[in-house]
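[1] my questions are about this predicted structure, shown below with the sequence.
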Amino acid sequence: MANEKFDAAKRNKSDEFYTQLVDIEKELKNYKHYFKGKVVLCNCDDPYESNFFKYFAMNFNHLGLKKLIATSYDGSSVAYTQLSLFDVNDIDQQDKTDRKAYKIEITEVVDENKDGAIDLIDVECLIKNKKNTLTLMQGNGDFRSQECIKLLQQSDIVVTNPPFSLFREYIAQLIQYKKNFLIIGNVNAITYKETFRLIKEEKLWLGQSIKSGDREFRVPDNYPLEAANYRVDEKGIKYIRVKGVRWFTNLDYKERHEMLTLYKEYTPIDFPHYENFDAINVDSTSEIPFDWDGAMGVPITFLDKYNPDQFEIIALGIVGSVDFTKECKMEILDKQGNGTGKYTINAKGTLYRKHDSKRDKKPPAFKDALTGQLYSSIYARILIRKREGI
């Protein structure tokens, strides 16, 4: 599956997945008022290949930007493959196989071809404008380098697709330097303790435009197309579709404060209690009961609809984030519900509930080592409660 390839790439440090312009446009339209007079940094992008750079260059005047900065890194698989840098007089020409890191700083965008619009043709001519500069970087373009941190310090808003394998470090840096940001990542990053802490503290939330489904990413020419969902266009450029993609931001937008309509009535059968925490299990955000005021465990995709005015986040339902009220040694069962002879505590450190043979479609996942009670495993849960007066 494409999602498995996405995760494998993170493990293997193969981080070159390039966001499509249509997805950037759909998300950025919600934040246009934030950009007037601001310096925007795209610090994980090959400036002339990145759709983030193209978006901000083409909309530089419309957004009223003060400055646009973008940086590449050594060894990029797509650098110098789309728009040409080799007709620029102010930079030493390089062998295309060298692919050294460089930066571009834009302070003025004009309609070079006089067609009444700023388009890619005008973007190609940006460096011919003496108010804009393109220079080779002294280092390798790593966002953690002092050279790149100095550019970060100059910026107001960071917008990019950071390396998947370095998501924790990337977010931590943005928070350390108190930057506004809009970045793309995998929904599973919600379960990282560092990321979840920021979500709970209202320092980070999910963006507006991607709530479910998959998204298409461009990948390097040498990327193995083993996933089912891929295509190669007429120019031989490779694309794969990836599930679980989300925008992460600290820029607010009005849809984030829309009240979630609750219609489901609580029953102990539909919403069983966990065995190791005083909360009920809710399998779908749309089924949150309107008449339950206690704690609830909801799927992590709840954050797609999370309204901080309506709900309070308590904790992530895993060991280390929440104090379990019960410890139980249990045998791990296989996919058919048979014993394996292997044991764990508290369902591998997660929330769990009693297995209901009449209602549960899947076999039990655990068995109490003392009583023989069967338990169902629960996918990652966020513990929440409704705010008072809601």
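    Yes, it's here.
[2] neighbours around residue 107, how many?
    15 (other C-beta atoms under 10 Å). Placement of C-beta: from N, CA and C, glycine included.
[3] that one contacts residue 67, correct?
    Yes: between residue 107 and residue 67 there is a contact under C-beta atoms under 8 Å: 5.3 Å.
[4] what is the most centrally placed residue in the chain paired to in the beta sheet?
    Residue closest to the average C-alpha location in the chain (C-alpha atoms, centre = their mean): residue 185, at 2.2 Å. Judged by DSSP bridges, the bridge partners of residue 185 are residue 246.
[5] dump the residue contacts of residue 296.
    271, 279-282, 288-289, 383-385 (C-beta atoms under 8 Å, 6 or more residues apart in numbering).
[6] show me the two of those residues that sit farthest apart.
    Greatest spatial distance among the contacts of residue 296 (C-beta to C-beta): 289 and 383, at 15.0 Å.
[7] could you list every residue that touches the residue nearest to residue 131 when sequence neighbours are not counted?
    Beyond its immediate neighbours in the sequence, the residue positioned closest to residue 131 (C-beta to C-beta, 6 or more residues apart in numbering) is residue 108, lying 4.3 Å away. By C-beta under 8 Å, 6+ apart, the residues touching residue 108 are 129, 131-132.
[8] could you dump those into JSON lines and include neighbour count, distance to residue 316 and pLDDT?
    Shown next, in JSON lines, are these (neighbours: other C-beta atoms under 10 Å; distance: C-beta to C-beta, whole Å; pLDDT from 0 to 100):
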{"residue": "129", "neighbour count": "15", "distance to residue 316": "49", "pLDDT": "76"}
{"residue": "131", "neighbour count": "11", "distance to residue 316": "48", "pLDDT": "85"}
{"residue": "132", "neighbour count": "19", "distance to residue 316": "45", "pLDDT": "87"}
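[9] can you tell me which of those end up in helices?
    Among those, no residue falls in helices (DSSP state H).
[10] nearest to residue 322, of those?
    Among those, and counting by C-beta to C-beta, the member closest to residue 322 is residue 132, at 51.3 Å.
[11] now the closest one: how far from residue 354?
    Per C-beta to C-beta, to the nearest Å, residue 132 is found 65 Å from residue 354.
[12] domain ranges for this structure, per the record?
    Following automatic domain parsing, one finds the domains of the chain at 2-255, 258-388.
[13] low-confidence ranges in this structure?
    Scanning the chain with the threshold set as pLDDT under 70 gives 1-16, 48, 75-99, 113, 115-124, 227-228.
[14] what ranges do the helices span in it?
    Using DSSP H, helices in the chain cover 2-11, 21-28, 51-58, 60-63, 120-124, 146-154, 167-176, 193-200, 346-349.
[15] okay, the ones you listed in a markdown table with mean neighbour count and distance to residue 216 next?
    Below are the helices of the chain laid out as a markdown table (neighbours: other C-beta atoms under 10 Å; distance: least, C-beta to C-beta, whole Å):
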| stretch | mean neighbour count | distance to residue 216 |
| --- | --- | --- |
| helix 2-11 | 17 | 9 |
| helix 21-28 | 17 | 8 |
| helix 51-58 | 23 | 12 |
| helix 60-63 | 17 | 25 |
| helix 120-124 | 17 | 20 |
| helix 146-154 | 15 | 28 |
| helix 167-176 | 18 | 20 |
| helix 193-200 | 17 | 24 |
| helix 346-349 | 18 | 34 |
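[16] to residue 229, which of the ones you listed lies closest?
    Using C-beta to C-beta, the helices of the chain put helix 2-11 closest to residue 229, at 4.7 Å.
[17] so residue 20 makes contact with residue 218?
    Yes: between residue 20 and residue 218 there is a contact at 7.2 Å, judged by C-beta under 8 Å.
[18] okay, those two: which has more neighbours?
    Just comparing residue 20 and residue 218: by other C-beta under 10 Å the higher neighbour count belongs to residue 218, 18 against 14.
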